[in-house]
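Participant: need the 3D shape of this:
(one chain, ligands or ions: 1)
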Amino acid sequence: MSQANSSEADSNVWTIGRLINWTNQYLSDNGSDSSRLDTEILLAEVLGCERIMLYTRFEEDPGEQIRSKFRELVKRRAAGCPVAYLVGHKEFFSLKFKVTTDTLIPRPDTEDAVQAILDLAKNNPSQVNTIADVGTGSGILAVTLAKELQDCRFLATDISEAALAVAQENAHSHGVIDRIKFRVGDLCIPLQGQTYDIIVSNPPYISETEIEECSRDIRDYEPQLALVSGPTGMEIYQRLVPEAQPLLNPGGWLVLETSPMLAPTLKETLEKQGYQNVDIKQDYTGNPRIVLGQV
Ligand SMILES: C[S@@+](CC[C@H](N)C(=O)[O-])C[C@H]1O[C@@H](n2cnc3c(N)ncnc32)[C@H](O)[C@@H]1O
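Facilitator: Below you'll find the model as predicted:
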């Protein structure tokens, strides 16, 4: 083969670099606003390597078997399926969590709920021993807090048995299962019979009209049970805020994640209910995100 023919043949090889460039454009054309990141996560998954390692393998031909697995994932991503469901995990607070279509995909905003609780615990270390996470989903709040607060005991609940099973797996893989109890049930019903220093929740708070305006990745793939609260978005809070109050120890805190739009109304709801020191904390983008109040 002449030199010219050889380089012509080389340029037709679907190397890792070429796959990345092509797929980035393809996913972008098909509605992904994080196409490069999506591409790299999916390719790293099928190659079984860290994403960072792709950069040392640009010239490599991964072979037909890998390309075929990758093609399948890319097709599903282009149809709207979120990357986290395709690979089965998502990072939260620098920890890897299993996710399935029964669980919400962890959002970075929720890390601010973790931070708010770590701040409360830092200021009153002897007063934070028991924490309940209502609507735990994949278990990110209970598990992350259990890793950070080694002396605390936790209750994690959810109305979805399937979600709770995923939370249990995550607690097991992060080595904190011995300090977290799991119970299925509606809001605060599984908390009865004990009181807590902190009750935390990131409950469904999207309204029935808002969900129609969400992107297809959210609307068509994430569980409605995890997202939609009712006609206004406030319905779950309206039950949770009064239910949680008698289940908190004196001086205990209710910590709620919410949307920037609902934060002022939620603050008012806590104040009307008689919570003290009600405050709104901003998330990493500067939006009102966490509402907390003390009994
Ligand atoms: C927005 S997701 C949050 C999941 C997880 N805590 C997180 O931050 O990623 C809300 C969770 O609440 C659960 N849920 C919905 N309605 C509930 C109810 N009435 N009682 C208990 N859990 C509920 C859903 O199954 C879902 O797992």
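
Participant: who in the stretch 51-200 of the chain is up against the ligand?
Facilitator: Proximity of the stretch 51-200 of the chain to the ligand (CB under 6 Å from any ligand atom) is limited to residues 104, 106, 110, 134-138, 140-141, 157-160, 163, 186-187. Heads up, the C-betas are built off the backbone N, CA and C, glycines and all.

Participant: parallel or antiparallel, which strands does the host helix or strand of Gly293 pair with?
Facilitator: Element membership for Gly293 (DSSP states H and E) is strand 288-294. Here strand 288-294 is paired, per DSSP bridges, with strand 248-257 (antiparallel), strand 276-282 (antiparallel).

Participant: which one of these lies nearest to the ligand?
Facilitator: Nearest to the ligand among the strands paired with strand 288-294 is strand 248-257 (6.8 Å), distances taken as CB to the nearest ligand atom.

Participant: the helix or strand following that closest one packs against which elements?
Facilitator: Following strand 248-257 in sequence order, the next helix or strand is helix 263-272 (DSSP H and E). With contacts taken as 3 or more CB pairs under 8 Å, 6 or more residues apart in numbering; DSSP states H and E, helix 263-272 sits against helix 235-244, strand 276-282, strand 288-294.

Participant: just how off-centre is helix 263-272 within its chain?
Facilitator: From the chain centre to the centre of helix 263-272 is a distance of 24 Å (CA atoms, centre = their mean, to the nearest Å).

Participant: export the helices and strands packed on helix 263-272 to JSON lines and tack on mean neighbour count, distance to the ligand and mean pLDDT?
Facilitator: JSON lines is the format used below for these (neighbours: other CB atoms under 10 Å; distance: least, CB to the nearest ligand atom, whole Å; pLDDT from 0 to 100):
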{"stretch": "helix 235-244", "mean neighbour count": "19", "distance to the ligand": "6", "mean pLDDT": "98"}
{"stretch": "strand 276-282", "mean neighbour count": "14", "distance to the ligand": "16", "mean pLDDT": "97"}
{"stretch": "strand 288-294", "mean neighbour count": "22", "distance to the ligand": "12", "mean pLDDT": "98"}
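
Participant: got the buried residues for stretch 29-46?
Facilitator: Using 16 or more other CB atoms under 10 Å as the burial criterion, the residues of stretch 29-46 that qualify are 32, 35, 38-46.

Participant: could you do stretch 189-197 as well?
Facilitator: Those would be 190-191, 195-197, for stretch 189-197 by 16+ other CB under 10 Å.

Participant: again with stretch 49-57
Facilitator: For stretch 49-57, burial by neighbour count (16+ other CB under 10 Å) applies to 54, 57.

Participant: all further residue positions should be reported with the first residue as 8.
Facilitator: Happy to do that; since the first residue is 8 now, the last one works out to stretch 56-64.

Participant: mind listing residues that contact that stretch?
Facilitator: Defining contact as CB atoms under 8 Å, 6 or more residues apart in numbering, one finds that stretch 56-64 is touched by 23, 27, 47-48, 50-51, 54.

Participant: and which of the residues you listed is nearest to the ligand?
Facilitator: Among the contacts of stretch 56-64, and counting by CB to the nearest ligand atom, the member closest to the ligand is Ile48, at 18.7 Å.

Participant: what about the closest one, which SS state?
Facilitator: Here Ile48 is recorded as helix under DSSP: H, G, I helix; E, B strand; the rest coil.

Participant: buried residues, stretch 166-175. List them.
Facilitator: Of the residues in stretch 166-175, 166-167, 170-175 count as buried by neighbour count, 16+ other CB under 10 Å.
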